[in-house]
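Chemist: prediction below, plus the sequence it came from.
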Amino acid sequence: MQSTSASFKANAHDALGDAGLQKALAFTRPAFPARRAAAVAALPEFERLRDIGRDIKNHTLANLDFYLESWAGNVERAGGRVHWCPTAADARAAILAICQQAGARTVTKGKSMISEEIGINDHLEAHGIEPVETDLGEYILQLRKEPPSHIIAPAFHLNREDWEESFRASHTDLPADRVFNERRDILTEARRKLREKFLAADVGITGANFLIAESGSSVIVTNEGNGDLTQTLPRVHIVLASIEKVVPTLEDATSLLRLLARSATGQDMSVYTTFSTGARRPGDLDGPEEYHVVLLDNGRSGMIGTEFQEMLRCIRCAACMNHCPVYFAVGGHSYGWVYPGPMGSVLTPALTGVDKAGHLPNASTFCGKCESVCPVKIPLPKLMRHWREREFERHLTPSAMRTNLGVWAWFARRPAMYRAVTRVAAWGLGLLGRKRGRFTSLPFAGGWTDGRDLPAPEGETFFARYAREQRAGRV
Amino acid sequence: MSKDQMLAAIRRGLKRGALPEDQAMALRARMAAHPRHLVPARSRVARPAQVALFIANVEKEFGSVARVASLAEVPAAVADYLSGQNLPTDFAMAPHPELTDAVPWSERPMLQIRVGRAQASDLVCVQHGYAAVAETGTLMLPAAPERPTTLNLLGDTAIVVLRASRVVGAFEEAWDLLRAERHDALTGGFMPRNVMLVTGPSRSADIESTLELGAHGPRRLHVVLVDDDPAALAAA
Ligand code: SF4
């Protein structure tokens, strides 16, 4: 997928003015945290499970080469094939080759963020193969040629009217005067349309939430059942997985599964959690005849051994974005690439380069909510801060910010002067903002005031007040 | 080779070469022992409460459960459910001997049964339950010639016949059953081609974040629970 992360500011500005998006955001904003909170409250061991989840992932990452080799050996023992792909281009080529070998015309797809990451749909289309997204949210986005805006609720930014309009425009074989009375009617039409595709597909591509080293299995987690139809009905099943998905055993995966759905949707378990190990066995009446795993690195190995290694623990639950005030102000598209929200702000610069995505780590209020809900305890604010430092070192910060920070640094090293200047500024701003108590726009600070108001200072700095109170003997 | 290239890149990050043999052996031993981590206390209760927890969780996830005393009562339970929901009386059924041989279907001649995998046109499918997990109300359905995967997915209504003695507390116990009872001729291991853990009927909240049942899979999930476990009945 082409990245527009570099224009985060412009994207965010547009998003703030998008009434439809803001309506959808306002609707979901309270729902996600409430659902998670209820599920967590019902499992007293949840906090201890977070430590366990973190430890399992750390143990695996410290021995990642070993576990990947064990896993790959077991895939092959089960008659599957592993395609080792260092880059997105390698993965695209491997998938295309398998599809061409199978003589595929239609390929159904379960939800996979990596498939967005490597842009496989365009690649298949360019070679005359029709890819069909089968997750309902991904399906409508494909019809609308839009990228997902959330990693587990990809189309939640769309309203019902958007669905109806797209279905009427795309399903032209159905009567034009049909009525959609309720959401159920939209769902039924999608189900019917996609059933045809499932039955016609030659190849099914799914993602993987986990790979299990001890058995060579891949695991998908869905609520719709589309991933299971994708991997059961066609003759060939391709799993698209990245290297950090491996865990040693079923017991390890089980502990992480106890965290995943609760953190994601507030369910105890998603409806379908499916472990696939190789292709159809002798005597089986269904299931694919070929099982391939396309194993992708695409920049992840470069994070190992750096301060960003912790990001590789991520199990893609979306809790961090579901609790993020910035995400709920600007929506997922503003982040400009596959992964939005706090996890995207850390991952995107690592995978696409800090030159393209260096702004993203600034899209944070550092409120710390993301870290406090992350099921594998990734210190997201700290990692964003690391990126900010790197970005500054590389002098990629827009010059206005660098100059201002430079001026600030000069004053900060001269405390007396700093206090004098801020005292005057606070007094001035306090005077200006006295009426409403807040500013909706300020010179040089448009980046702040475009998205929110700045509370006006009360006319005094902390230092000035501290000194005054001290003099009065109150501290 | 790209495999070597990828492993080398990982080892560069880890600042070491391939693991020394003693460390690799320790990791192999960990996999062989597959130690359990914390198992939530909620399922560590007496058998009757465990089965009750399973039923409560299935219902919480929008499934339904009918409890019957023996396999002999399964045909009546299935027929009653189908008529209660206004569903057709023909269905596809798993070729599992516990269903095909041990259940007296002929007592309900109205039911028309096709034994085998599911087809896209099947409205109702009857599956054999391998085991179930009380912790979350989850069914464990490993693929086998006698338990085709399509029966879990293609019907509008999925009915699963499950013996109460196969309800365990936690996921780890269900994995232990699989590890102990199954042997895969191809790999020498225990994992079949596919294991589905199913918790409630298919659903989606993709349209305006509002839950709708029956997205791509079944919109109804009904468990016929056969009380073959006297311990589970003790306090019932
Ligand atoms: S960073 Fe943590 S909270 Fe965010 S998606 Fe990943 S695992 Fe979930």
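Modeler: Sure thing, it's come through.
Chemist: now the residue most central in space within chain B, nearest residue through space, not along the chain?
Modeler: In chain B, the residue lying closest to the centroid (C-alpha atoms, centre = their mean) is B:Met140, at 2.0 Å. Spatially, and ignoring its direct neighbours in sequence, B:Met140 is nearest to B:Ala131 (4.4 Å; C-beta to C-beta, 6 or more residues apart in numbering or on different chains). Just so you know, the C-beta spots here come from the backbone N, C-alpha and C atoms, and that holds for glycine as well.
Chemist: quick revisit: tell me the SS of the residue nearest to the centre of chain B?
Modeler: Under the three-state scheme (DSSP: H, G, I helix; E, B strand; the rest coil), B:Met140 adopts strand.
Chemist: about what we covered before: for the residue nearest to B:Met140, what are phi and psi?
Modeler: Torsion angles at B:Ala131 (phi, psi; degrees, to the nearest 10) stand at phi -160, psi 170.
Chemist: what about it, distance to B:Arg203?
Modeler: Distance, B:Ala131 to B:Arg203, using C-beta to C-beta, to the nearest Å: 23 Å.
Chemist: the two - which one has more neighbours?
Modeler: Taking neighbours as other C-beta atoms under 10 Å in any protein chain shown, B:Ala131 and B:Arg203 compare with B:Arg203 leading, 25 against 22.
Chemist: contacts only, for that one.
Modeler: Residues in contact with B:Arg203 (C-beta atoms under 8 Å, 6 or more residues apart in numbering or on different chains) are A:223-224, A:271, B:62, B:211-215.
Chemist: pick the one among these closest to A:Val354.
Modeler: Nearest to A:Val354 among the contacts of B:Arg203, counting by C-beta to C-beta, is A:Asn223 at 35.5 Å.
Chemist: would you map the helices across chain B?
Modeler: In chain B, the helices defined using DSSP state H lie at B:2-14, B:21-33, B:47-60, B:74-84, B:97-100, B:171-181, B:230-233.
Chemist: any chance of those in JSON lines, plus distance to B:Leu111?
Modeler: Output for the helices of chain B, formatted as JSON lines (distance: least, C-beta to C-beta, whole Å):
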{"stretch": "helix B:2-14", "distance to B:Leu111": "53"}
{"stretch": "helix B:21-33", "distance to B:Leu111": "46"}
{"stretch": "helix B:47-60", "distance to B:Leu111": "23"}
{"stretch": "helix B:74-84", "distance to B:Leu111": "6"}
{"stretch": "helix B:97-100", "distance to B:Leu111": "12"}
{"stretch": "helix B:171-181", "distance to B:Leu111": "30"}
{"stretch": "helix B:230-233", "distance to B:Leu111": "27"}
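Chemist: among the ones you listed, which is the most enclosed?
Modeler: Most buried of the helices of chain B by mean neighbour count (mean count of other C-beta atoms under 10 Å in any protein chain shown) is helix B:47-60; its value is a mean of 20.
Chemist: so for that one, mean pLDDT?
Modeler: Averaged over helix B:47-60, pLDDT sits at 97.
Chemist: find the least confident helix or strand in chain A, judged by mean pLDDT.
Modeler: Lowest by mean pLDDT, DSSP states H and E among the helices and strands of chain A is helix A:446-449, with a mean of 50.
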